[in-house]
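Student: One predicted model, sequence on top.
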Amino acid sequence: MVRPADDQRQPPPTTTLAVPPVRPCIEPSCPSLTPRTRCTMHERQRDKGRRPADQYPHEYRVNRALVLAESDVCWRCGKAGATTADHVTPIAHGGTHDVDNLKPAHLRCNSAAGATTRRR
Ligand SMILES: [Zn+2]
Ligand SMILES: [Zn+2]
């Protein structure tokens, strides 16, 4: 009952497909490999949000965490629950990512995010 023809009907292995070279996602501490600069998840996040915070360096994220650990009272509306840090002096105006230049702010109150992000 063995038909040798069966072997020849097996589909060829998929190695004939062109597989793009992959490298690690450039987002810090992301283990994903991607043929592009970022993994699919980070690519999507970036496209969706375009939040200026994503373009800030590691220093900003560290200092933002410090600022929020100290207080989560939004410096713009005065209410608690801030989740991001706003630059008192905007980077575009020569401000820094230093803790002295960061104050807790709600995402919707954050001047930079509010100007560019439309939240549904
Ligand atoms: Zn990633
Ligand atoms: Zn606020």
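Tutor: On my side now, so go ahead. Ligands and ions are numbered 1, 2, ... in the order given.
Student: ok so residue 65 is a strand residue?
Tutor: No: under DSSP: H, G, I helix; E, B strand; the rest coil, residue 65 sits outside any strand and is assigned helix.
Student: Distance check, it against residue 23.
Tutor: Using CB to CB, to the nearest Å, residue 65 is found at 28 Å from residue 23. The C-beta positions use only the backbone N, C-alpha and C, and glycine is treated the same way.
Student: And the pLDDT for residue 64?
Tutor: With respect to pLDDT, residue 64 scores 96.
Student: can you check the one 10 residues further on too?
Tutor: At residue 74, the model reports a pLDDT of 96.
Student: May I ask you to confirm that it is in contact with residue 109?
Tutor: Yes: Residue 74 is in contact with residue 109 according to CB atoms under 8 Å; the separation is 5.3 Å.
Student: Looking only at neighbour counts, state which of the two leads.
Tutor: Per other CB atoms under 10 Å, whichever of residue 74 and residue 109 has more neighbours is residue 74, with 22 against 18.
Student: got a list of what the more buried one touches?
Tutor: Applying CB atoms under 8 Å, 6 or more residues apart in numbering to residue 74 gives the contacts 80-82, 104-106, 109.
Student: 6 Å instead?
Tutor: Shown in contact with residue 74 (CB atoms under 6 Å, 6 or more residues apart in numbering): 82, 104-106, 109.
Student: For residue 105, see how far away it is.
Tutor: 5 Å.
Student: Now do the shared contacts for those two.
Tutor: Common neighbours of residue 74 and residue 105 (CB under 6 Å, 6+ apart) are residue 82.
Student: circling back: could you identify the pair within the contacts of residue 74 that is furthest apart?
Tutor: 104 and 109 (9.4 Å; CB to CB).
Student: where does the protein have low pLDDT?
Tutor: Counting by pLDDT under 70, the low-confidence segments of the chain come to 1-19, 49-55, 112-120.
Student: Thank you, goodbye.
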